[in-house]
Every structure is written in C-alpha cells, then in structure tokens.
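> Test case, fold it:
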Amino acid sequence: MANFIPQEKIAEIQLASDIVQIISEYVNLKQSGKNFLGLCPFHSEKTPSFTVNPEKKLFKCFGCGEGGTVFNFLMKQEGMEFVEAVKIVASKSHIDLSHLNNTNKPSLSVTEKTRLFNINNFAVRFYNKVLLDSEQGKEARDYLKKRHINDQSIKNFCLGYAPNSWDSLLRVCNGRNISKNLLEKTGLVISKKEGNGYYDRFRNRLMFPISDSRKQVVGFGGRALDDSLPKYLNSPETVLFNKSNVLYGIDQAKNSILKHRKVILMEGYTDVIMAHQNGIEWSVAVMGTAISRHHLRLLRQYCNQVILLLDSDIAGWKSSDRNLDVFIEEEFDVKIAQLPKDYDPCDFLVAEGVDKFLAYVHDAKDFFSFKIETASSKWDTSTIQGKANAIHDVLSTAMKMPDIIKRNLLIKWIAEHMSIDEATLRIQLKKFNRHTSFADEKQTASRRLDASFTAERELLYLMLSCNELIPRVLEEIGLEEFNNRDLFKIAGKIVELYRKNTVVREEDVLHILDDVQLNKTLMDIITTKEFQHITNQDKRLEACIHFFKRRNSKKERYQAKEKTLKTIMASNNEEDILVSLDEFHRKSKNIHILKNKT
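Numbering: from 1, shown residues only. Model (predicted):
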C-alpha cells in the first residue's frame with residue numbers, strides 16, 4: 001500500500017473513527033460530562049488529567065501536554081509512523097484503503113504486523129493441538145497434571161507443547177506457505193549461523209502464549225521438560241514483544257483487577273494460572289525481568305495498589321530492593337507479601353489452599369516496613385557503621401517519593417521506626433535537596449507567557465473557531481505579525497487549508513503538521529479554557545487588531561527615538577534634528593490615541 005493517503009481520505013477516516021473506543025484499548029476511560037477521563041499512559045499520575053473529546057475527536061493530557069488526533073495517540077503509544085496509524089484507524093473504522101495499493105515496496109506495515117499476529121495465533125493453535133491430541137504431548141500433559149493445572153485452565157490460557165524436534169513448527173508453516181522471514185520476525189524460528197535455513201526456537205517445551213491487554217498474542221514463554229537451559233525461555237524482543245512492556249495474564253486479569261482496584265504481582269506463569277484457577281483472577285506476573293515503569297503505568301489503568309508476592313527466595317525476582325524503588329518513584333501503593341520457605345505461589349495454593357494463601361496476601365507488609373527489615377538484614381545494625389548504612393538505604397528510597405507531604409510524614413515515620421532523631425535525619429536530607437529549588441524556580445519562570453505570545457495564541461484560536469474571520473486577519477493584521485515562529489508556521493497551515501477548502505477544522509491542521517512540538521502547541525491552544533469561553537469572536541478579534549496596532553506603534557516609536565538620537569549625535573543641522581523630533585512626537589501621539597480607544 002502506498003505511503004501516501006489523500007488528505008480528504010484522512011479526514012474521512014478520522015470522522016468515521018470512534019476515538020473513545022480506540023483509546024479505551026489502552027486507557028480505562030470514564031465519562032465526565034461530554035468528555036471522557038482517564039490516567040495518562042504517557043506519564044505517571046494518580047489523578048486523571050487525560051481527556052478525550054468524542055465530539056472533536058481529539059485527546060489532551062493536561063498533565064504532560066500530549067494531545068492530538070487518534071492518529072497522534074497511536075503514533076505515540078505504539079511508536080509507529082503517521083501512515084501506519086491512519087491505516088490502523090481505517091481498518092478499525094471499516095474503511096477500505098486497498099485501492100491505494102500501488103507499490104510493492106516492502107515495509108513493516110500494518111498489514112505485515114497483522115501477519116505477525118496471525119502467525120502467532122497459528123502457532124498457539126499448533127502447540128495447543130500437539131499438547132491435547134498427540135502422543136508427543138503426553139509428557140507435557142503429565143507435567144500439568146502433576147502441577148494440578150486443570151483442563152479449564154489449559155483452555156483459558158491456551159497452553160501448548162512444542163515437540164522435541166528442530167523443525168516441527170517450521171514444516172507445518174512451510175505447508176501453509178508462511179514466510180520464513182516473517183516467522184523469524186515473530187521469534188518463533190532462528191536462522192542458522194552456517195548456511196541457509198532455519199530451525200524452531202522452542203523444542204520440547206511446555207508453551208505459554210503471552211498476550212497484551214488487547215488479547216493479542218505478542219510472544220511465548222516455554223518451560224523445558226528436560227535438563228535444557230535456560231529452564232524458561234521467552235521470545236526474543238521483536239516488533240510485537242518486549243517483556244518490559246507486558247505482564248503475563250493481563251488479558252485475563254484486567255477486568256478483575258479493575259473490580260478489586262488491586263493486583264497481585266508474581267513471577268511465574270504457573271503461579272498466575274493456579275491463582276486464576278482458584279478464583280484469584282486479579283493476578284499477573286512479570287517474566288524474568290525487573291519491574292519497569294511501563295509495567296506500573298499499565299497497571300495504573302486498572303488499580304491503585306500492588307501486592308508484590310515474593311517467593312521465599314527474593315533474589316528470584318532478579319530485582320534487588322533498590323530496583324523495587326520504582327514503586328515509590330511512580331507513587332504506587334505497594335505492599336510486600338512473602339510465602340514460607342521452599343514454596344512458590346503455585347505449590348502453596350495446591351498444598352495449603354486458597355484461604356491460607358489469601359491470609360498471606362492480606363497480611364502483606366507496608367513497603368517501608370519491608371525496606372527497613374531488608375536493610376537491617378543486609379547490614380550489621382549492632383555496629384554504628386552498619387546502622388548508618390541501613391538508615392542511608394531507607395532514606396535514599398524515601399527521597400524518591402515525589403509527594404512532598406508524604407515524604408515529610410515518611411521521614412518522621414522512619415525516625416521513629418529506626419530509633420534516630422528526626423532533626424538529624426532532616427539535616428541529612430539537605431544533601432539530597434541542595435539543587436532542586438533553583439531548578440524548579442527556573443523551570444516555572446520559563447513557562448510564563450508574555451502579552452504578545454498570548455495575543456498570537458488567541459488569534460490562532462479565533463481563526464480556527466470562526467473561519468469567517470480569516471480574511472479579515474489577513475487584511476488587517478497579516479501573518480507577518482506572528483513573532484513566534486511556531487505560531488507563524490501553524491497560522492500558515494491554517495491559511496493554506498482555508499484557501500484550498502474554505503473550511504478549516506482543528507483536526508485538519510493537526511494532520512498536516514509534521515512536527516511534534518507544533519502539534520503540542522496547537523493542542524495547547526485548542527484546549528485553553530479561557531479561549532473556549534469566548535462567545536463574541538468579532539469583539540475579541542477587534543481587541544487583537546488593536547493590540548497588534550499598539551505593538552507596532554510602540555515599535556515604530558522606539559525606532560523613531562533611536563533615529564532621533566542618532567541624528568542629534570551625528571548631525572549639526574538643526575533642520576534634520578527638528579524633522580526627527582517631529583517624527584518621534586507623531587509616533588508617541590499615535591500610541592496615546594490607540595491607548596485611549598481601549
């Protein structure tokens with residue numbers, strides 16, 4: 001398909017799209033008046049500032065400033081190009097773009113991504129059938145029976161078995177004319193180092209399909225059923241799969257997490273499956289990686305509390321207690337539950353039952369109680385140096401708390417629980433805070449808007465909200481009056497579309513802006529509350545015209561003053577000096593006349 005889509009077709013696709021439905025695949029939205037609100041997926045927040053306007057078909061986050069059309073959302077969320085985002089929205093809106101297919105140039109298009117998902121789905125069915133219906137799958141079935149994983153769980157999680165063969169999947173795919181190149185891109189096969197050809201990545205392994213929150217299979221995990229290493233093998237990083245961006249079981253668990261407003265976060269595939277099998281459906285797992293910001297921002301769409309369920313071996317998380325600080329940095333309410341020695345969650349549920357399991361969950365420790373306990377076991381607190389090190393460990397985590405009030409209360413709590421004078425702790429804190437105040441003040445100052453910038457922003461808003469004013473703007477003000485380069489570029493695009501179509505919509509301008517910063521600037525203007533309360537556009541335009549005339553008069557007066565001073569300094573001719581003074585007085589008079597009209 002060509003990488004060019006006519007502007008008229010783009011507008012048609014956006015008009016037909018359901019922006020609320022599409023964004024709801026990523027963000028938990030709730031209706032608030034005419035708009036929909038949710039937690040922004042692009043930055044960490046606890047209070048929703050992410051707004052979707054279904055009437056204008058635009059989104060805007062008032063926290064981080066991201067905003068735009070449904071295409072801009074997909075580009076930012078999925079890291080895709082504009083044309084690819086348009087094609088996805090067209091597909092979801094049932095608009096056919098096949099007639100634009102006039103190139104055979106290969107690229108990772110929407111169609112190709114769809115093929116990769118289809119290949120993963122085919123592999124799921126293949127592995128599942130081998131597990132359930134073949135003699136080869138008997139060892140895997142016996143293993144599942146040994147772990148007490150029942151048939152319903154096998155069905156719910158689409159478990160499978162990869163045969164002990166170098167090419168079992170490859171041969172089946174060859175028979176279906178599935179491209180080896182695409183198979184390699186899914187991570188299901190590996191190219192041979194010497195010579196041509198490929199071989200299956202997963203062999204003699206119990207297979208766990210990994211789906212994203214939209215129930216799309218993005219990768220696989222495989223557990224060895226012999227002595228092969230590694231014991232657990234995941235798909236490599238691909239265009240579909242990154243283990244730092246997905247949680248196992250999220251597709252099955254998200255509704256239950258939303259209902260309970262909390263989640264149990266574990267490590268193993270079988271841990272999640274057994275938890276769900278016992279009715280604890282608000283459970284997910286990381287996959288052999290440290291907990292990432294993306295994991296927490298994904299979970300924040302559904303809940304505000306994480307119960308981190310550790311095996312008896314904390315090191316099994318591949319995360320030190322320092323890596324768990326991400327919970328504090330993201331202001332996530334986190335508690336730590338730890339099972340008895342030699343138990344993982346799956347085995348504990350089988351051996352002790354769901355009630356005892358939930359008792360450990362409900363008795364989970366506050367994060368900083370766990371932090372103090374960990375620091376105290378790490379250092380010899382019977383010595384001065386050991387206790388100082390333990391306090392420093394806890395304090396360094398506390399300083400990552402973004403909320404100043406919570407941080408202040410936390411320092412008091414730490415002082416009490418670690419038996420140290422609070423004033424001493426606060427003296428130590430100054431070392432952490434030395435340079436932050438000046439930086440914050442500087443950032444605030446840089447955001448102040450001067451009068452000219454405010455007037456130019458309002459003029460752009462008027463041009464967009466009332467297209468009939470555009471000719472008058474061009475006649476009485478002119479684009480050259482935009483001093484801000486970004487606003488000048490946006491104004492130029494507005495006029496370009498107006499001259500072409502005689503109608504300019506906000507979303508039409510967003511489509512043709514090929515710069516992220518320009519897009520943000522325009523969204524800020526569109527969503528400025530004081531602009532949205534404007535009811536008399538003609539009156540506001542008069543005010544803008546008057547402002548620009550006064551600004552020009554002041555500029556002309558300054559130039560006349562400079563000219564007069566230069567004349568006085570350089571000339572002995574009294575007539576030249578009088579002419580310059582007369583011009584200066586005339587410019588000053590014009591300013592007073594304009595001022596009296598306000």
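
> Off-centre distance for stretch 421-432?
Distance, stretch centre to chain centre, for stretch 421-432: 35 Å (Cα atoms, centre = their mean, to the nearest Å).

> likewise stretch 339-355?
Chain-centre distance of stretch 339-355: 35 Å, with Cα atoms, centre = their mean.

> Stretch 228-248 too?
Put simply, stretch 228-248 sits 20 Å off its chain's centre (Cα atoms, centre = their mean).

> how close does residue 459 get to residue 479?
From residue 459 across to residue 479, the span is 10 Å (Cβ to Cβ, to the nearest Å). For the C-beta atoms, the positions are set from N, CA and C on the backbone; glycine is no exception.

> Who has more neighbours out of the two?
residue 459 (25 against 14; other Cβ atoms under 10 Å).

> Report whether the expected contact of that one with residue 477 is present.
Yes - counting by Cβ atoms under 8 Å, residue 459 touches residue 477, with 7.2 Å between them.

> sorry, back to before: shared neighbours, residue 459 and residue 479?
residue 491 (Cβ atoms under 8 Å, 6 or more residues apart in numbering).

> if we can go back for a sec, where do the contact lists of residue 459 and residue 477 overlap?
When contacts are counted by Cβ under 8 Å, 6+ apart, residue 459 and residue 477 have residue 544 as shared neighbours.

> count of neighbours near residue 35?
Neighbourhood size, residue 35 [other Cβ under 10 Å]: 18.

> I meant residue 73, not that one.
Neighbour count of residue 73, defined by other Cβ under 10 Å: 24.

> So what's the predicted local confidence for it?
As predicted, residue 73 sits at a pLDDT of 91.

> The strand or helix carrying it - contacts with which helices or strands?
Using DSSP states H and E, the element containing residue 73 is helix 70-78. Helix 70-78 sits against helix 7-16, helix 19-24, strand 58-61, helix 82-92, with contacts defined as 3 or more Cβ pairs under 8 Å, 6 or more residues apart in numbering; DSSP states H and E.

> want to throw these into CSV with mean neighbour count, distance to residue 278 and mean pLDDT?
Shown next, in CSV, are these (neighbours: other Cβ atoms under 10 Å; distance: least, Cβ to Cβ, whole Å; pLDDT from 0 to 100):
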stretch, mean neighbour count, distance to residue 278, mean pLDDT
helix 7-16, 16, 44, 86
helix 19-24, 18, 30, 93
strand 58-61, 24, 38, 92
helix 82-92, 21, 36, 87
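
> the strands in the stretch 151-300 of the chain, which residues?
With DSSP state E, counting those that start in this stretch, the ranges of strands along the stretch 151-300 of the chain come out as 160-162, 189-191, 198-200, 205-211, 217-224, 232-234, 263-266, 283-285.

> who's in contact with the third one?
When contacts are taken as Cβ under 8 Å, 6+ apart, the neighbours of strand 198-200 outside the stretch itself are 162, 165-170, 180, 183-184, 188-192.

> let's go with 6 Å and repeat that
Here strand 198-200 makes contact (Cβ atoms under 6 Å, 6 or more residues apart in numbering) with 166, 167, 169, 170, 180, 189, 190, 191.

> low-scoring stretches of this protein, by residue?
Low-confidence segments of the chain (pLDDT under 70): 1-4, 79, 99-110, 195, 311-322, 431-449, 553-598.
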